[in-house]
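Chemist: requesting a structural model of the entry that follows:
(one chain, ligands or ions: 1)
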Amino acid sequence: MALRIRLAEAGDIPLLRELIEASVRGLQAGDYSAAQLESALRTVYGVDTQLIADGTYFAAEETEASGGERSGAKSSGGALLVGCGGWSKRKTLFGGDQFAGREDSLLDPARDAAKIRAFFVHPAWARRGIGGMILAACEAAAWAAGFRRLEMGATLTGVPFYRAKGYAELEAAEVPLGDGLTLPIVVMGKSCG
Ligand SMILES: CC(C)(COP(=O)(O)OP(=O)(O)OC[C@H]1O[C@@H](n2cnc3c(N)ncnc32)[C@H](O)[C@@H]1OP(=O)(O)O)[C@@H](O)C(=O)NCCC(=O)NCCS
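Modeler: Numbers count the residues shown, from 1 in each chain. Here you go, the predicted model:
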């Protein structure tokens with residue numbers, strides 16, 4: 001595996017959307033119903049272009065995949081886009097551009113927790129350490145920006161991953177999806193340093 005973590009760019013957005021859809025449908029099906037997933041893809045999950053503009057969203061590219069390994073993942077300039085995720089210095093806890101509950105005002109690194117945001121790994125590339133590599137890049141960047149705590153609204157699928165990375169479960173929450181559906185999530189946090 002020849003994996004490269006780089007900052008995501010505006011030109012990646014169409015491939016990021018495809019990656020997010022594949023990740024949600026492929027990896028979250030054991031935790032949520034199909035109706036919840038399709039509704040969440042419409043109203044919650046998606047690219048947050050503010051993170052790309054802030055330079056706080058990462059893309060993981062595989063540059064040497066060949067043969068069967070190429071199937072299922074997305075191609076970007078010859079490489080495969082296999083994962084994405086970011087952090088934020090803004091108040092929004094989760095949600096793509098289309099999500100109504102956004103709050104783009106800036107956090108205070110001395111007082112507030114930076115947010116870990118929008119982690120998605122392609123199902124064909126899960127459990128190979130890609131999410132962990134992106135998370136390490138986010139934690140290092142948030143630390144360099146002066147933050148000493150991190151938190152996120154984790155999907156039920158994300159909980160074992162974040163727990164393995166030292167995050168504690170703080171509270172359960174439900175994101176309204178419309179049509180009487182909700183998306184159960186867990187707010188998790190960790191102090192760094
Ligand atoms: C959560 C997610 C990003 C993890 O990405 P990943 O690249 O598969 O994670 P890693 O390979 O770095 O996993 C690191 C460790 O986390 C834990 N972990 C990750 N996924 C797990 C799972 N499904 N069940 C149990 N433990 C898990 C394991 O301890 C794992 O180490 P191991 O594989 O050596 O046992 C991925 O499952 C995903 O994209 N899910 C769908 C989208 C989503 O729900 N994202 C979370 C948004 S908050």
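Chemist: what residues does the chain put near the ligand?
Modeler: 23-24, 27-28, 119-121, 126-132, 152, 154-155, 157-158, 160-161, 164 (CB under 6 Å from any ligand atom). Glycine gets a C-beta too; all of them are placed from N, C-alpha and C.
Chemist: mind checking which of the residues you listed land in helices?
Modeler: Counting by DSSP state H, the residues of the chain next to the ligand place Ser23, Val24, Leu27, Ile130, Gly131, Gly132, Pro160, Phe161, Ala164 in helices.
Chemist: the third one reaches Ala126, doesn't it?
Modeler: Yes - counting by CB atoms under 8 Å, Leu27 touches Ala126, with 6.0 Å between them.
Chemist: and the residue in the chain positioned nearest to the ligand, what does it touch?
Modeler: Closest approach between the chain and the ligand, counting by CB to the nearest ligand atom: Gly131, at 2.5 Å. If you count contacts by CB atoms under 8 Å, 6 or more residues apart in numbering, Gly131 has them with Gly83, Gly85, Phe119, Val121, Phe161.
Chemist: will you turn those into JSON lines that also has neighbour count, distance to Asp108 and pLDDT?
Modeler: Putting the contacts of Gly131 into JSON lines (neighbours: other CB atoms under 10 Å; distance: CB to CB, whole Å; pLDDT from 0 to 100) gives the following:
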{"residue": "Gly83", "neighbour count": "27", "distance to Asp108": "30", "pLDDT": "96"}
{"residue": "Gly85", "neighbour count": "25", "distance to Asp108": "23", "pLDDT": "98"}
{"residue": "Phe119", "neighbour count": "24", "distance to Asp108": "24", "pLDDT": "98"}
{"residue": "Val121", "neighbour count": "26", "distance to Asp108": "31", "pLDDT": "97"}
{"residue": "Phe161", "neighbour count": "19", "distance to Asp108": "28", "pLDDT": "98"}
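Chemist: looking at the residues you listed, which one is closest to Val47?
Modeler: Gly85 (11.7 Å; CB to CB).
Chemist: what's the PyMOL line that selects buried ones from the residues of the chain next to the ligand?
Modeler: Applying 16 or more other CB atoms under 10 Å to the residues of the chain next to the ligand leaves a buried subset, and the PyMOL line that selects it is:
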select buried, resi 23+24+27+28+119+120+121+126+128+130+131+152+154+155+157+158+161
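Chemist: show me where pLDDT drops low in this structure?
Modeler: For the chain, the stretches with pLDDT under 70 are 65-76, 193.
Chemist: which residues of it fall in helices?
Modeler: Taking DSSP H as the criterion, the chain carries its helices at 13-27, 34-43, 49-54, 130-144, 159-164.
Chemist: which residue, other than its chain neighbours, is closest to the residue of the chain closest to the ligand?
Modeler: Val121 (5.1 Å; CB to CB, 6 or more residues apart in numbering).
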